[in-house]
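A.B. asks: 3D, please:
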Amino acid sequence: MIAALTGIAASPLARAALRFSAVALAIVLFLLSIRRTGERVGRLAERLETSEEVNDVQRQMLEAAARRPRSHDELGDRLRDGRF
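C.D. replies: Predicted coordinates for the structure are as follows:
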């Protein structure tokens, strides 16, 4: 079997074909790697955008909680004054 492969690889045409195949395989693997990296980056960007939205909503909730009336009396005062 090894002798047959050695005989095939001995011809210049076969060596050129093997080189071409190796280069083509390397290019395909490189492109697949780039594609996977792009998908990963896209998922990370989407996760970042989602977390920014969540943080914005939480900040708004905290700001609203800071402005809330502290007691029933303060709530009544605000309702009477029309500031609520």
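A.B. asks: may I ask which helix or strand encompasses the most far-flung residue of the chain relative to its centre?
C.D. replies: Within the chain, R80 marks the point farthest from the mean C-alpha position, 51.2 Å out by C-alpha atoms, centre = their mean. Element membership for R80 (DSSP states H and E) is helix 72-81.
A.B. asks: buried residues in that helix?
C.D. replies: Of the residues in helix 72-81, none count as buried by neighbour count, 16 or more other C-beta atoms under 10 Å. From N, CA and C alone the C-beta is placed, and that goes for glycine too.
A.B. asks: so for that helix, what's the average pLDDT?
C.D. replies: Across helix 72-81, the average pLDDT comes to 88.
A.B. asks: which elements pack onto it?
C.D. replies: Using 3 or more C-beta pairs under 8 Å, 6 or more residues apart in numbering; DSSP states H and E as the contact test, no helix or strand touches helix 72-81.
A.B. asks: so how far is it off the chain centroid?
C.D. replies: Taking C-alpha atoms, centre = their mean, to the nearest Å, the mean C-alpha location of helix 72-81 is offset from the chain mean by 48 Å.
A.B. asks: now stretch 44-53
C.D. replies: Relative to its chain's centre, stretch 44-53 lies at 9 Å (C-alpha atoms, centre = their mean).
A.B. asks: mind listing what's buried along stretch 13-33?
C.D. replies: So for stretch 13-33, nothing qualifies as buried (16+ other C-beta under 10 Å).
A.B. asks: and that stretch, average pLDDT?
C.D. replies: For stretch 13-33, mean pLDDT is 95.
A.B. asks: gap between the residue farthest from the centre of the chain and R68?
C.D. replies: Applying C-beta to C-beta, to the nearest Å, the value for R80 to R68 is 17 Å.
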